[in-house]
Structures are given as C-alpha cells and as structure tokens.
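A.B. asks: With the sequence up front, the predicted model follows.
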Amino acid sequence: MNVLVSWVLRAVAFGTIIMYGAMGETVTEKSGNLNLGVPGIMYLGGFAGFASAYYYEKNAAAPNGIVCILLALFCCILASMAGGLIFSFLTITLRANQNVTGLALTTFGMGVANFFGVFILNGASYTAAPLANKAFSAKLPFLSSRLGAAGEMLFGYGFLVYAAIALAVILHFVLNRTKAGLNLRAVGENPATADAAGINVTRYKYLATCIGAGISGIGGLYYVLDYNQGIWATTGQIEALGWLAVALVIFTTWRPLNAIWGAYLFGVLYWLYQFLPTMLKLHLPVYMTDLIQMMPYVVTILVLIAVSLRKKRESQPPASLGVAYFREER
C-alpha cells in the first residue's frame with residue numbers, strides 16, 4: 001500500500017508540471033500559433049521564479065513564505081510572458097516560421113536561464129531556496145495526515161496542484177462558454193473569416209500566446225520550487241518535461257479538461273519503471289527501464305493514430321495551426 005501511495009504522489013506531482021505546460025500551449029494553439037518553445041519558456045519561468053525567491057530569502061532580514069510565493073509567481077509569469085511576446089513578435093508581426101522560431105526560443109530560454117544561473121550557483125553544482133520550497137509544498141495538515149492513505153493521495157500536495165485543476169476547469173469554460181473564447185477559437189480555425197467578422201486577429205493571437213506562455217512558465221516554477229525541493233541545477237530536466245507537455249497537448253486533443261487525467265496518466269506511466277517492479281517484486285535490467293520510460297511517448301503516438309483514423313473534427317487541431325496570417329491576402 002505504501003508503494004502505491006508513493007506512486008500516486010509522484011505521478012500527480014509529475015503530471016502537474018506538464019499539465020501547466022500543456023494548458024498554456026493549448027491556449028496558444030487555439031489561436032493558430034504553434035509554439036514549440038514551451039521547454040524554453042518553462043525554463044525561463046522556473047529560473048525567474050527561483051531567482052527572485054532565492055535573492056529575497058538571502059537578503060531579507062525576516063523573509064516571509066507568502067511574499068516568497070507572490071514574488072516567485074510574479075517574476076515567473078512576467079519572464080514567461082516575455083518569452084511569449086518574443087515569439088509573438090517574430091511569428092505574428094514578422095511572420096517568421098513558427099516551427100523554427102519555437103525551437104530557437106527553446107534554446108534561447110535554456111541559454112538565458114543557465115547563463116544567469118551561473119551567478120547563483122557560484123561554482124556549486126546546485127543551490128536551494130528552502131523557505132520558498134516550504135511555502136510552495138505546504139500540505140493541508142488535517143486532511144493529508146488524518147485520513148490515512150486516501151487523505152495522503154488526495155491532499156498531500158502543494159497548492160499549485162489544486163490550482164492546476166481549477167485552471168483547467170476555468171479554461172474549459174472560457175474557451176467554450178464565453179465570447180472571448182469563441183472568438184479565439186474562430187481565429188485559430190479561420191483567421192480570414194474571423195477578421196471579416198470584426199475580430200482583431202492580431203490582438204487575439206498576441207494575447208493567447210503571451211497568456212499561454214505565462215501558464216506554461218508556472219510548470220517550470222512548480223518543478224523547481226516544489227517538485228525538485230526548491231533546488232536549482234542546470235540538469236536540463238525541465239527541457240524534457242517541456243517536450244512531454246507538448247506531447248500532452250496532442251494526447252488531450254486540445255481540450256483543457258482532458259489535461260487533468262492525461263497529465264496524471266503520463267505521470268503514472270513515467271514512474272512505472274520504478275514502482276511497478278517493486279510492487280511485483282521484479283528486477284528489471286537497465287535496458288528495460290529505458291524502454292518503460294518511453295511509455296508516455298508511445299501512448300501519445302497511439303492516441304494520435306487513433307484520432308487520425310476516427311477523423312472527428314472536434315478531435316483535430318485548429319485548422320490554421322502553424323500558418324501565418326496575411327491580412328492583405330484574405
């Protein structure tokens with residue numbers, strides 16, 4: 001039972017990281033923009049949030065956990081949206097190729113974070129912000145400790161886990177039940193028709209891309225200050241999680257609500273190699289461990305094949321995804 005509880009706790013925490021990345025990219029892609037810079041944006045958000053909390057803890061006479069949370073979130077979202085703004089300017093205003101720009105943004109985000117991270121590491125292999133970690137990972141003490149294993153699996157997480165679920169519900173409502181959400185979807189499906197109907201295509205694309213980047217960046221922040229115990233190290237792990245978040249967008253067929261169970265499923269599959277052999281008392285060779293860690297990607301490919309074969313329009317990406325809009329050609 002203890003192994004199962006540990007597996008669920010690790011899977012939910014892992015899934016939360018990529019859930020933020022996937023929800024942010026879903027918002028972006030609903031506008032027709034394909035931002036493959038999600039890993040770089042998560043890197044920027046994670047580093048900006050960590051750096052702000054780290055320097056606050058280091059320099060404040062009596063640092064406060066609430067201030068750590070607010071400062072880290074603000075700097076994370078600001079840095080991530082700046083990355084989204086760069087992508088927007090290059091692909092919407094200058095109409096650069098979205099695939100190339102996204103890949104360049106991933107490299108740029110990692111480079112910027114690692115460059116400035118050198119000043120924080122100061123020759124060490126890692127550094128930490130313990131107060132920020134304590135604030136972000138604080139659990140609900142009564143519910144998580146007094147309801148047994150069920151309480152631990154349901155309430156044994158930091159507040160960003162529950163915020164991710166709430167955000168998925170909010171995004172579902174906004175995209176399907178509000179005028180702004182319907183306009184955004186119209187822009188992603190057919191920008192020329194949306195433009196003719198009086199919708200400001202450029203504004204919606206900019207806003208969706210920047211807001212989506214801000215949401216994705218929170219995934220990087222959660223990884224550093226909660227999942228990774230408040231430790232910053234230039235390991236490149238955030239990049240791998242960013243690509244998983246992009247894969248999750250396809251897996252969820254561009255629906256925010258699907259990101260909840262999809263992210264947790266990815267988490268369960270990702271940690272399958274560590275917990276399932278323990279439960280079954282098996283010893284797996286190293287090559288089998290590597291193969292099992294491929295499961296989230298294999299499942300994504302299978303889902304993509306199934307969606308393509310079904311050919312249901314509601315399960316397809318926005319029709320103008322990745323295509324630059326030239327207003328003078330409409």
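C.D. replies: Good, I have the coordinates.
A.B. asks: Please count neighbours and contacts with C-alpha atoms only from this point.
C.D. replies: Will do.
A.B. asks: which residues of this structure score low on pLDDT?
C.D. replies: For the chain, residues meeting the criterion pLDDT under 70 lie at 1, 141-148, 280, 282, 284, 286-287, 307, 310-311, 313-314, 328-330.
A.B. asks: Let me see the ranges of the strands in it.
C.D. replies: 127-128, 231-232 (DSSP state E).
A.B. asks: who does the last one pair up with?
C.D. replies: Okay, so that is strand 231-232. Taking DSSP bridges as the criterion, strand 231-232 sits next to strand 127-128 (antiparallel) in its sheet.
A.B. asks: Pull the number of nearby residues for the closest residue to Phe74 other than its chain neighbours.
C.D. replies: Distances taken as CA to CA, 6 or more residues apart in numbering place Gly49 nearest to Phe74, at 7.6 Å, with adjacent residues excluded. Gly49 sits with 32 neighbouring residues when counted by other CA atoms under 10 Å.
A.B. asks: list the contacts for Gly49?
C.D. replies: Leu71, Ala72, Leu73, Phe74, Cys75, Cys76, Leu221 (CA atoms under 8 Å, 6 or more residues apart in numbering).
A.B. asks: need the strands of the chain in a markdown table with mean neighbour count, can you?
C.D. replies: Formatted as a markdown table, those follow (neighbours: other CA atoms under 10 Å):
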| stretch | mean neighbour count |
| --- | --- |
| strand 127-128 | 18 |
| strand 231-232 | 20 |
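A.B. asks: okay if I get those as CSV plus distance to Val27?
C.D. replies: Output for those, formatted as CSV (distance: least, CA to CA, whole Å):
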stretch, distance to Val27
strand 127-128, 32
strand 231-232, 28
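A.B. asks: Go through the ones you listed and name the closest to Gly117.
C.D. replies: If you check each of those against Gly117 by CA to CA, strand 231-232 wins as the nearest, at 8.2 Å.
A.B. asks: dump the residue contacts of the nearest residue to Met295 once chain neighbours are set aside.
C.D. replies: Nearest residue to Met295 in three dimensions, chain neighbours excluded: Leu269, at 6.0 Å (CA to CA, 6+ apart). When contacts are counted by CA under 8 Å, 6+ apart, Leu269 touches Ile292, Gln293, Met295, Pro296.
A.B. asks: Could you give the number of residues near Met279?
C.D. replies: Residues contacting Met279 under the criterion other CA under 10 Å number 12.
A.B. asks: quick one: it and Tyr273, what's the gap?
C.D. replies: Separation of Met279 from Tyr273 (CA to CA, to the nearest Å) stands at 11 Å.
A.B. asks: hmm, back to that, separation between the residue nearest to Met295 and Glu152?
C.D. replies: 20 Å.
A.B. asks: for Thr209, same thing?
C.D. replies: 36 Å.
A.B. asks: Is Thr252 in contact with Ala259, as I believe?
C.D. replies: Yes. The pair Thr252 / Ala259 is scored as a contact, 5.8 Å apart, by CA atoms under 8 Å.
A.B. asks: who has more neighbours, those two?
C.D. replies: Using other CA under 10 Å as the criterion, Thr252 and Ala259 rank with Ala259 on top: 31 against 23.
A.B. asks: Touching, Ala53 and Phe74? I think so.
C.D. replies: No. Using CA under 8 Å as the test, Ala53 is too far from Phe74 to be in contact (10.5 Å).
A.B. asks: Please say which of these two ends up with more neighbours.
C.D. replies: The residue with more neighbours, out of Ala53 and Phe74, is Ala53; 29 against 18, by other CA under 10 Å.
A.B. asks: Now do the same contact list for that one.
C.D. replies: By CA under 8 Å, 6+ apart, the contact list for Ala53 reads Cys68, Ile69, Leu71, Ala72, Ala129, Ala132.
A.B. asks: Tell me which of those fall in helices.
C.D. replies: Cys68, Ile69, Leu71, Ala72, Ala132 (DSSP state H).
A.B. asks: Report the separation between Asn97 and Leu321.
C.D. replies: Distance of Asn97 to Leu321, given as CA to CA: 12 Å.
A.B. asks: Noted, bye for now.
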